[in-house]
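# what shape does this take:
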Amino acid sequence: MLGSAIGIMSLAGSLLGLSCALTGPRPYRAAAPLPPPPRIDLHVHTAGIGAGGSGCLISRELETSWKFGLYLKAFEATRETLERNGDAWLVDKIAAHVEASTSVDQAVVLALDGAVDDQGRLDPAATEVHVPNEFLAREVARHPNLLFGASVHPRRHDALERLDACAAQGAVLVKWITSVMHIDPADERLIPFYERLKHHRLPLLTHTGQERSFTHAEDDLCDPERLRLPLRLGVTVIAAHIASTGDTDGERHTDRLARLMAEFPNLHSEISSLTQANKLGYLGEALTRREFEGRLCYGSDFPLINTALVSPWLFAHRLTPAQIRRIDGLTNAWDRDVALKQALGVPPAVFARTAQLLAPRLPAAAASKTRPAPGQAPRTSWRKAASSTMATPSSRALSSLDPALSPASR
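Below you'll find the model as predicted:
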């Protein structure tokens, strides 16, 4: 069913491209070269089945759904390879692909806490996916081109202690998917957690808009209006996906997010998933609406960029045939994602802004890395690290970068 829908959308895009042949391609904005490094992907997922003692968990309901096979294929994995190599193998693969990319220097790999019970303890029965902080921090530390995105449920009985531990392990942000973790961001009981986020200068990356990557979700919890509490307290909030495809009381979540942008300078968003077949038009909205100007940063939503949901053929009316063939022929998922977004007009400042937002945490991330012992080959080389985290400009220098910086191709 999904494959048929994607095929129909791709065909529609191609036909639309033919109808626009006389007028030529119409990118959302003029394409521009990439900015200098570091270029950081804010939004990368991993997962696991508990192999190798990772502690990862996937619910039986999700594992038996059609989505599980799609995700495994996107990761270029099978259940057998995970059972044989352990869940850490996926993290190694992500690092290797980022290392091979000419467009991205580092990626923030995201943990995902589960739902909790009334005692503030992990509730496996109510959890669809769990990627523990302890597992991910340990694996990410071995790769200089990966950054640790922590995830702490704020109603855990030891949430503040867990947050402190993640900060000490070099976390660069905290990730929530409120609709599947069952978190209400507007709950005033979370104020101590928000204050601790501010103390550690940890941004909160939280899903907004409709959520369909899991088997069920409470989409009302992803209403951007529920973010007023952390925003009012001064937390740096990154609302994922410009709140695409969701609505509350007949109003689009994207419109509700745009309204908040005018009120809170500490509110940002990102462009991950906006080239997917089910979100056509949202990237153009992000790039052309005045409210999002200067507030967007780059994210991929890997592994979904490695599926048929994302294809340059869907944008045949905005790209030339030569552009489509070139982008479609790129074998590296990150190079393909960046090239598509760049061709559609994502400006250099968006690709540079992730490093600006994470600047206060990048020194701690660099300090957390485990350097290989003498004579021992690292899992990924330190070549890119020399131009990214390990040689990151100071926080003050990054924060002073002109949003309209003059780009230079790599």
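
# quick one, phi/psi of the closest residue to residue 370 other than its chain neighbours?
Nearest residue to residue 370 in three dimensions, chain neighbours excluded: residue 141, at 4.7 Å (CB to CB, 6 or more residues apart in numbering). Just so you know, the C-beta spots here come from the backbone N, C-alpha and C atoms, and that holds for glycine as well. The phi/psi pair for residue 141 (degrees, to the nearest 10) reads phi -60, psi -20.

# one more: the one 5 residues further on?
As for residue 146, its main-chain torsions (degrees, to the nearest 10) stand at phi -120, psi 140.

# and it, how many neighbours?
29 (other CB atoms under 10 Å).

# also residue 331?
Residue 331: 8 neighbours (other CB under 10 Å).

# could you pull up the contacting residues of the residue nearest to residue 339 when sequence neighbours are not counted?
Nearest residue to residue 339 in three dimensions, chain neighbours excluded: residue 327, at 4.8 Å (CB to CB, 6+ apart). Contact analysis of residue 327 by CB atoms under 8 Å, 6 or more residues apart in numbering lists 312, 319, 336, 339, 340, 343.

# any idea how far residue 238 is from the residue nearest to the spatial centre of the chain?
Of all residues in the chain, the one closest to the mean position by CA atoms, centre = their mean is residue 43, 1.4 Å from it. As judged by CB to CB, to the nearest Å, residue 43 and residue 238 stand 9 Å apart.

# mutual contacts of these two, please.
Joint contacts of residue 43 and residue 238 (CB under 8 Å, 6+ apart) are 205, 270.

# what's the neighbour count on the residue nearest to residue 229 when sequence neighbours are not counted?
Distances taken as CB to CB, 6+ apart put residue 186 closest to residue 229, at 5.2 Å, once the chain neighbours are dropped. Other residues lying near residue 186 total 14 when counted by other CB under 10 Å.

# quick check: the residue lying closest to residue 261 once chain neighbours are set aside vs residue 129, distance?
Leaving out its chain neighbours, the residue that sits closest to residue 261 by CB to CB, 6+ apart is residue 291, at 4.4 Å. Remark: distance between residue 291 and residue 129 (CB to CB) = 32 Å.

# more neighbours: the two, which one.
residue 129 (21 against 18).

# my guess is that one meets residue 61, correct?
No. Counting by CB atoms under 8 Å, residue 61 is not a contact partner of residue 129; they are 10.9 Å apart.

# in this structure, which spans are strands?
40-45, 57-58, 106-110, 129-130, 146-150, 173-176, 204-207, 237-240, 247-248, 251-252, 267-270, 296-297 (DSSP state E).

# how about those in CSV, adding mean pLDDT and distance to residue 158?
Output for these, formatted as CSV (pLDDT from 0 to 100; distance: least, CB to CB, whole Å):
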stretch, mean pLDDT, distance to residue 158
strand 40-45, 98, 25
strand 57-58, 96, 19
strand 106-110, 98, 21
strand 129-130, 96, 16
strand 146-150, 98, 14
strand 173-176, 98, 15
strand 204-207, 98, 19
strand 237-240, 98, 23
strand 247-248, 94, 32
strand 251-252, 96, 37
strand 267-270, 98, 29
strand 296-297, 98, 31
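
# out of the ones you listed, the one nearest residue 165 is which?
Closest to residue 165 of these is strand 146-150 (CB to CB; 8.8 Å).

# quick one: contacts of the closest one?
For strand 146-150, using CB under 8 Å, 6+ apart, the contacting residues are 40, 44, 91, 94-95, 98, 106-111, 133, 136-137, 140-141, 163, 166, 169-175, 202, 205, 358, 362, 365, 368, 389.
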